[in-house]
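Student: Just a sequence and a predicted model for now, questions to come.
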Amino acid sequence: MIEVSNISKQVNTSEGTLRILEQINLSLEAGETLAIIGPSGSGKSTLLGILAGLDVPSSGTVSIDGKNITAMDEEGRAAVRAGHVGFVFQSFHLLPGLTALENVALPLELQGMPDALQTARTYLERVGLGERVSHYPRQLSGGEQQRVALARAFACRPAILFADEPTGNLDTGTGKKINDLLFELNAEEGTTLILVTHEKTLAARCNRRLELQAGRQLEPLSGISA
Amino acid sequence: MLALKMLLRSRRGGQLGLIFSALVLAVAVVTSVALLAERVERALVKESSSFLAADLVVSSSQATDADWLEQAEQQGIRTARIASFASMTFAGDEMHLASIKAVESSYPLRGAVKRSTVPFATEESDIETIESGPKPGELWVDSRLLPLLNIELGDTVDVGDGSFKVSHILIEEPDSGSSFSAYGARILMNWADLPASGVIQPGSRVSYRFLIAANKENTDKFDKYVDWLNQQLDVHDRIITPDEAQASIASTMDKGRRFLLLAGSIGVVLAGIALALASHHFANGQLLQVALFKSWGISANRVRKLYTQQIVLLAIGGSLMGLLIGWGFHQLLVSAVREWLPIALPMAGARPWITGFATGILCLVGFTLPALWHLPTQSPLAVLRRDTQAQSLNSLIRGSLGILTVAVLLFWYSENLYLSMAILLGFGITALASIAVGLVLLRLGKTYGHWMGSIWRLALSNLWRRKKPSLIQMVGFSGAIALLMIMTVVRTSLVDEWRWQLAEDAPNHFLVNVAAYELGGVKNLVDQRDLETAGWYSMVRGRITHLNNQPPSELAVDGHESLRRELNLSWTSDLPEGNKIVQGQWWDTTAAGTNNLAPVSLEEELLHELGLTLGDTVRFSVGGLSFDAVVTSTRSLNWDSMTPNFYFLFPEGYLEDYPRTHMTSLYIPSEDKLLVNDLLRSYPTVQVIELDKIIDRIRSIVSQVTRGLEMMTLLILGCGILVMFAAVSLSMSERLQESAILRTLGSSRRLILGVQWVEFTTLGLMAGFLAALGAEFAVAMLQRFMFSLPFSWHSWLWIAGPLGGGLLVGLLGVVYSRKAVTQPPLRVLNSL
Ligand SMILES: Nc1ncnc2c1ncn2[C@@H]1O[C@H](COP(=O)(O)OP(=O)(O)O)[C@@H](O)[C@H]1O
Ligand SMILES: [Mg+2]
């Protein structure tokens, strides 16, 4: 499903070239769950961005479903992403002017789905927010906001879900509930999940793990291919 | 439609509200002013037509071409011919050289004649308004002809070979004018009687007028006919348009109209600034949404399309709404100024609507589109990383686009280069000064803020740290304040000028042609009623016989009235009030012409019309004696003031020996109006020019126009406040976030609000100061080029600007950021 070979990322800054990622290799089958772990600043988000096709590596290739996305231009990568990937972010990224329902429905509407609102409502019910559909993000707690974000991500029925520290802004209790929900939905939908975290316990729930240290892969991808 | 949905949803986000209100306001201001201006314009043309008794007049020294009449008849255009001449009239042993006007039965084409059957009638009930002239065989005459010829109404008077019955007293003709040229009693007779009277012979001095007017349905044909007519004219003919017919009212109205334009233009610029600021703010608010879209695989093209559609929808919706509100506001304005418009306002054409709508579209294209231009290129990576933001369109390009838009709007709308330039330059200077001086001031504030308390230190270093938004805000504030100042100053000086001009006791009557032996008697009559004249002027009646030692050519004589009739020559040592020297020099107390020639100062247009230049000589014939004069200066006259204006002025000592007559102007209150009758009964040769009605009309126009200006000012004030709001909200989310963080760190409410207060007050103070600079400049330019007002320095601007700016902006800022301290910090942080 995802094939990564030898990717490196470096950026030019005023203080010389900064090597953010070096020689990363991994391969993931559909339906697998991968945890990218490592300390802050080790390059986890950068790797996630490259895997999702939001960014390009300086060298190496990334293929999704056999298509080499590193060779494509931004429009081509956008076409691959469209309807294929979902995201969950540390800071939720809900649109403040939209209700919970509208936030969830927005990507569906962009896809031109005719009953976007109905689908959105179903997913909000599945994350336990059936009563809060017309509330705005500012009227929701952090955990609730992240549940809306989960509903938004799964409502598109993505093949791959990318999550960047989804519980990083939440207290431990709430974070655990969000994680449970994430894995529950993931199991039901059979989504491939790529998760960035620095929590070992969370990483342990994934069947594959990749540990980064200052941009380097500590050891080849661990875990068992499902 | 997704774009529509997105648009409606972003309304709740708040940023769209400002764009929308700015757009609606821009369109509303433009539409209301354009509607009113066009309707008033149309009404004025109609109104002035009645002063001409026609829509257009060709004045000529020759009888009207038969061809012109034929063509007019074919095109269905209404015509009337008039012949004016001086002729002896006889009744028994008495005779009088009367000013006779023979009119065709179709006269007047516009307006109406007032007549009476009571000599010297003053009662409204004795006066009849009628839309026709005398029938053949009838004469309508000035009251004073009765004592002059010693006759009664109904008697016969001989004009040339004909005898006619004096059937009515002539009170007022629509096109009577107020010139001092014709001294004889006025007589109106029918054109058909001219052959019988035999007064018009080859060689007689006759002025012809050819009056034309459009029928309602055929204005197109009328315009074509006028074009055709223009090609037929030769040197004998001169076209008179309605505008020229009523110089003093037209000039007042014109200034009012110009102010309306100025206010409207300022409104447009203000709304433009508000729009630009709001769009900037809006674009910032959309960044996250676009990054999300991109991460979901929406292409840049699709994003561009979505936002373009939104702008188009916004433009259409906002413009339609603006048109509606503009229409409503123009109705309000109309009701405020209705009274001085004697006739129903004609409906406006399509142009104001088009102007309003186009303003909406242009504003969005010029201000909103550039601000959103970079959105489609926003990187999807921004959802993961904070520092990834699309490079927004170069602020230089954006600034130029904005300025270009404003310039196009201003010029298209005002069709006046000076006005557009003054506003653009005034605003430009303010903006540039805001950026340059602002940077310096902010830097100074940061450096020396250390010496002050913690609030000041924090606030001033905040301003410096956020210098880009601070400067943008400063441009917004100072621009708005400057434009409001410009408007207030011009309005105040206009109203002041009018007040001064139309002082309650300004002269409203002229007494002309008072002979030396009548002077004592006339003065007595005036004294008896405790009235005061504005001083007596002496003058001498003379003709021009030679220009530069040559008799003027036949052609020139035909071409210019001044060469055909007697002129009023007067003398003074001081330049009369309201006169300005255009060329040459005014004489000192001891004046001398060259080579023993008398120096003479001419009205400047007359000089050109006579084909003369400074240093040329003119020979005058006065009572059979001749003398030469040399042109030493030219003057422009002030037609706004009701003081005597002389075309020819000499220094004292040159004309004293010639037979002279006297004139004066004086204020006659309505309860003393009978003085006019007493005067004319006892001294029928004195000519009384009555301006009281015109002055009353001007006065009511001025007060109504002033009221209209006041309302306009309010509307523009609204625009200004909108700009302030847009500018304040620009940095608000960042400020609220910082304040909330300070709150969580335990800072006091006092400190947080204090910092906001100091920041905004400082910004407002600086902006007010810079605004005074720009406004002073623009006002100087406007006064000089648009309103012909003298330059004046406005010291209050320099005090009111910074004070008002600091107070207003500080208040707005604190009110806006109160949320930061009244709500729990977490809620504030979450809502951002
Ligand atoms: N475009 C860039 N320019 C400069 N530095 C970057 C850029 N992208 C990432 N970095 C740096 O690379 C390192 C890794 O960043 P990131 O992937 O966000 O780490 P993590 O998500 O593991 O905390 C950080 O030190 C970050 O500052
Ligand atoms: Mg990260």
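Tutor: That came in fine, so what should we check first? Ligands and ions are numbered 1, 2, ... in the order given.
Student: Give the buried residues for stretch B:66-84.
Tutor: Neighbour-count burial for stretch B:66-84 flags B:68, B:71-72, B:75, B:77-84 (criterion: 16 or more other CB atoms under 10 Å in any protein chain shown). Glycine gets a C-beta too; all of them are placed from N, C-alpha and C.
Student: same question, stretch A:110-130
Tutor: Buried residues in stretch A:110-130, counting neighbours by 16+ other CB under 10 Å, are found at A:110, A:113, A:116-117, A:119-121, A:123-124, A:126-127, A:129.
Student: Tell me which helix or strand the nearest residue to residue B:352 once chain neighbours are set aside sits in.
Tutor: In this structure, residue B:352 finds its nearest non-sequential neighbour in residue B:34, 3.6 Å apart by CB to CB, 6 or more residues apart in numbering or on different chains. According to DSSP states H and E, residue B:34 maps onto helix B:15-52.
Student: Kindly report the same for residue B:764.
Tutor: When elements are assigned from DSSP H and E, residue B:764 belongs to helix B:749-785.
Student: on contacts alone, who are the packing partners of the strand or helix carrying residue B:432?
Tutor: Assessed by DSSP H and E, residue B:432 sits inside helix B:417-448. Counting by 3 or more CB pairs under 8 Å, 6 or more residues apart in numbering or on different chains; DSSP states H and E, the packing neighbours recorded for helix B:417-448 are helix B:247-295, helix B:395-414, helix B:454-465, helix B:467-501, helix B:749-785.
Student: In space, what's closest to residue A:18 - neighbours in sequence excluded?
Tutor: residue A:11 (5.2 Å).
Student: Pull out the buried residues from the helix or strand that neighbour falls within.
Tutor: Residue A:11 belongs to strand A:2-13 when assigned by DSSP H and E. Counting neighbours by 16+ other CB under 10 Å, one finds that the buried residues in strand A:2-13 are A:2, A:4, A:7, A:9-10.
Student: a markdown table for those residues, including distance to ligand 1 and pLDDT?
Tutor: Formatted as a markdown table, the buried residues of strand A:2-13 follow (distance: CB to the nearest ligand atom, whole Å; pLDDT from 0 to 100):
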| residue | distance to ligand 1 | pLDDT |
| --- | --- | --- |
| A:2 | 18 | 90 |
| A:4 | 15 | 92 |
| A:7 | 13 | 93 |
| A:9 | 8 | 93 |
| A:10 | 10 | 92 |
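Student: and which of those residues is nearest chain B?
Tutor: residue A:9 (11.8 Å; CB to the nearest CB).
Student: near ligand 1, which residues of chain A?
Tutor: Residues of chain A that fall close to ligand 1, judged by CB under 6 Å from any ligand atom: A:11, A:13, A:18, A:20, A:38, A:40-46.
Student: Please tell me which one of those residues counts the most neighbours.
Tutor: Comparing these by number of neighbours (other CB atoms under 10 Å in any protein chain shown), residue A:44 comes first, having 26 neighbours.
Student: Quick check: phi and psi on the nearest residue to that residue once chain neighbours are set aside?
Tutor: Of all residues not flanking residue A:44 in the chain, residue A:196 sits nearest, at 4.5 Å (CB to CB, 6+ apart). Backbone torsions for residue A:196, taken as degrees, to the nearest 10, come to phi -100, psi 130.
Student: Quick check: residue A:196 touching residue A:167?
Tutor: No: between residue A:196 and residue A:167 there is no contact under CB atoms under 8 Å: 10.8 Å.
Student: Name the residues of the helix or strand harbouring residue B:305 that are buried.
Tutor: Using DSSP H and E, residue B:305 maps to helix B:300-337. Within helix B:300-337, the residues scored as buried using 16+ other CB under 10 Å are B:300, B:302-303, B:306-307, B:309-311, B:313-315, B:317-319, B:321-323, B:325-327, B:329-330, B:333-334, B:336-337.
Student: Please name every helix or strand in contact with the lengthiest helix in chain A.
Tutor: In chain A, with assignment by DSSP state H, the single longest helix is helix A:172-189. Judged by 3+ CB pairs under 8 Å, 6+ apart, the packing partners of helix A:172-189 are helix A:142-155, strand A:192-196.
Student: Low-confidence ranges, the stretch 601-750 of chain B, go.
Tutor: B:639-643, B:693-694, B:697-706, B:708-709 (pLDDT under 70).
Student: mind listing the strands for it?
Tutor: All strands of the stretch 601-750 of chain B, identified by DSSP state E, counting those that start in this stretch, fall at B:617-622, B:625-636, B:648-650, B:660-666, B:687-690.
Student: same deal with chain A?
Tutor: In chain A, the strands defined using DSSP state E lie at A:2-13, A:16-28, A:33-37, A:59-64, A:67-68, A:85-88, A:160-164, A:192-196, A:208-213, A:216-217, A:222-223.
Student: got the angle for the helix holding residue B:305 vs helix B:15-52?
Tutor: Between helix B:300-337 and helix B:15-52, the angle comes out at 40 degrees (axes from the mean of the first three to the mean of the last three CA atoms, to 10 degrees).
Student: Can you name the element that comes right after helix B:300-337?
Tutor: Where DSSP H and E defines the elements, the next helix or strand beyond helix B:300-337 is helix B:351-363.
Student: Now do the contacts for the residue nearest the centre of chain A.
Tutor: Centroid-nearest residue in chain A: residue A:162, 1.4 Å away (criterion: CA atoms, centre = their mean). The neighbourhood of residue A:162, defined by CB atoms under 8 Å, 6 or more residues apart in numbering or on different chains, consists of A:48, A:51-52, A:85-88, A:194.
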